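Student: need a 3D model of the following:
(chains A, B and C)
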Amino acid sequence: MDAQTLLDWYDANARAMPWRVPPVTDPMASSSTNRRADPYSVWLSEVMLQQTTVAAVRDYFIKFTTRWPTVTDLAAAPDEDVMAAWAGLGYYARARNLLKCAREVTARGGRFPDTEAELLTLPGIGPYTAAAIAAIAFDLPAVVLDGNVERVMARRHAVVEPLPDSKQTLRALAASHTPQVRPGDYAQAVMDLGATICTPRNPACGICPWMSECEGRLAGIATELPRKRPKKAKPVRHGTAYFARRPDGAELLETRPPKGLLGGMLALPSTDFSDDPQPAPPLEANWQIAGEVRHTFTHFHLILTVAVATSAATPERGLWVEAANPDDLPTVFAKALRLARSHR
DNA sequence: GATACGTGGAA
DNA sequence: TTTCCAAGTAT
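Tutor: Numbers count the residues shown, from 1 in each chain, chains lettered A, B, ... in the order given. Purely as a prediction, here's the structure:
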């Protein structure tokens, strides 16, 4: 059976990860002794892994589980602590939804639901994450369909229709492979395959456990699958960030509005990011230009001018803080803060 | 269905 | 330097 081939490969090649329980390869061990990762670890890791690499997630996962060992601990954390801990990982709506979800689960008794349908109702849990938690934490035969599985299925069955049009076709193919036995390990196996062998560029077809049945490889088109619609060009936008320092050394920061770009994150007061940003200094001062920061977001390039000033004036917005930690800010503002501090 | 939403590493 | 892209979700 196809799935068994992947499970055998996974048993021999599963990568160690802080949130993962290694597969039980002892043939005497029954499924009842096959330990599962706890739902909190699975949920937290899967949310962090949304559009994010394993390498980037690892240290954040350890930081979060050390500081907040259970979903109830996380639910009790102040918003600003969680947002600061998430700083640098990106897609900050995930952190806002993480807290909402932790608080909902805690209000329901502190246990994650064990069905896809119930998981899907929680904030920040979409079709992929609901299936992943059902499979990995509860060993249910949910159809896990992420970018890895889409790529593996497109190649395995030589699907030439471009994404996202082919999404439902790929989902049906993924469902056709999902086994009733060890579905949780299978889900991780097929994603590991995509991450390590069936990679976007230069796939290692020669050592692939599905080498002999891969229609894409047999047709010589595996590497060019899955096809995707061309992406739009990113426009360049501009803005100014203001770094105000008080004579006693305090620095002026502000929390951004709760929605939209970098929503809810600690930041330097700044203009909007647009073609023609309007000046918006948080206080009257002799502003000087420290330099520029260039940063690329998902859908635009930003050229951010960094202005600095020393003043004891009362700001129109923001909050004086004694010692801001750049690592508590989104990367673009961490860059701006470091540049501003280096300006004499 | 289209768009908004981060970041850093690889080629 | 530029482009691509990684275990997606919300609206």
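
Student: make it CA atoms for all contacts and neighbour counts henceforth
Tutor: OK.

Student: in the stretch 51-200 of chain A, which spans are helices?
Tutor: Per DSSP state H, counting those that start in this stretch, the stretch 51-200 of chain A has helices spanning A:54-67, A:71-75, A:79-86, A:93-107, A:116-119, A:127-138, A:147-156, A:167-177, A:183-196. These are given in chain order.

Student: could you provide these in a markdown table, with additional columns for distance to DNA strand B and mean neighbour count?
Tutor: Listed next are the helices of the stretch 51-200 of chain A as a markdown table, based on distance: least, Cα to the nearest atom of the strand, whole Å; neighbours: other Cα atoms under 10 Å:
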| stretch | distance to DNA strand B | mean neighbour count |
| --- | --- | --- |
| helix A:54-67 | 6 | 15 |
| helix A:71-75 | 20 | 21 |
| helix A:79-86 | 9 | 19 |
| helix A:93-107 | 6 | 20 |
| helix A:116-119 | 19 | 17 |
| helix A:127-138 | 13 | 24 |
| helix A:147-156 | 12 | 24 |
| helix A:167-177 | 8 | 16 |
| helix A:183-196 | 12 | 22 |
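
Student: mind putting the ones you listed into CSV with mean pLDDT and distance to A:Pro209?
Tutor: CSV is the format used below for these (pLDDT from 0 to 100; distance: least, Cα to Cα, whole Å):
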stretch, mean pLDDT, distance to A:Pro209
helix A:54-67, 96, 22
helix A:71-75, 98, 37
helix A:79-86, 98, 37
helix A:93-107, 98, 34
helix A:116-119, 98, 29
helix A:127-138, 97, 21
helix A:147-156, 96, 11
helix A:167-177, 96, 14
helix A:183-196, 96, 9
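
Student: now those as a markdown table including distance to A:Pro230?
Tutor: Shown next, in a markdown table, are the helices of the stretch 51-200 of chain A (distance: least, Cα to Cα, whole Å):
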| stretch | distance to A:Pro230 |
| --- | --- |
| helix A:54-67 | 26 |
| helix A:71-75 | 40 |
| helix A:79-86 | 31 |
| helix A:93-107 | 26 |
| helix A:116-119 | 32 |
| helix A:127-138 | 24 |
| helix A:147-156 | 16 |
| helix A:167-177 | 16 |
| helix A:183-196 | 22 |
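
Student: closest one to A:Leu319 among the ones you listed?
Tutor: Proximity of these to A:Leu319 was assessed by Cα to Cα; the nearest stretch is helix A:79-86, lying at 13.6 Å.

Student: then that closest one to PDB, C-alphas only?
Tutor: Only the C-alpha atoms of helix A:79-86 are listed here, as PDB (Å, rounded to 0.1, in the frame of the first residue of the first chain):
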ATOM      1  CA  ASP A  79      -1.600  40.400  25.700                       C
ATOM      2  CA  GLU A  80       1.600  42.600  25.500                       C
ATOM      3  CA  ASP A  81       3.700  39.700  26.900                       C
ATOM      4  CA  VAL A  82       2.500  37.300  24.200                       C
ATOM      5  CA  MET A  83       2.800  39.800  21.400                       C
ATOM      6  CA  ALA A  84       6.400  40.700  22.500                       C
ATOM      7  CA  ALA A  85       7.300  37.000  22.600                       C
ATOM      8  CA  TRP A  86       5.900  36.500  19.100                       C
END
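
Student: now A:Gly291: which helix or strand?
Tutor: A:Gly291 is part of strand A:288-296 when elements are defined by DSSP states H and E.

Student: what number of residues lie near A:Ser212?
Tutor: One way to gauge burial is a neighbour count; for A:Ser212, by other Cα atoms under 10 Å, it gives 12.

Student: same question for the one 4 residues further on.
Tutor: For A:Gly216, the number of neighbouring residues by other Cα under 10 Å comes to 23.

Student: just list the residues touching it, thanks.
Tutor: By Cα atoms under 8 Å, 6 or more residues apart in numbering, A:Gly216 lies in contact with A:Ala154, A:Arg155, A:Arg156, A:His157, A:Ala158, A:Val159, A:Ala222, A:Leu225.

Student: and it, helix, strand or coil?
Tutor: helix (DSSP: H, G, I helix; E, B strand; the rest coil).

Student: got it, and A:His238?
Tutor: Going by three-state DSSP, the state assigned to A:His238 is strand.

Student: any idea how far it lies from A:Asn286?
Tutor: Summarising the geometry, the distance separating A:His238 from A:Asn286, computed by Cα to Cα, to the nearest Å, is 21 Å.
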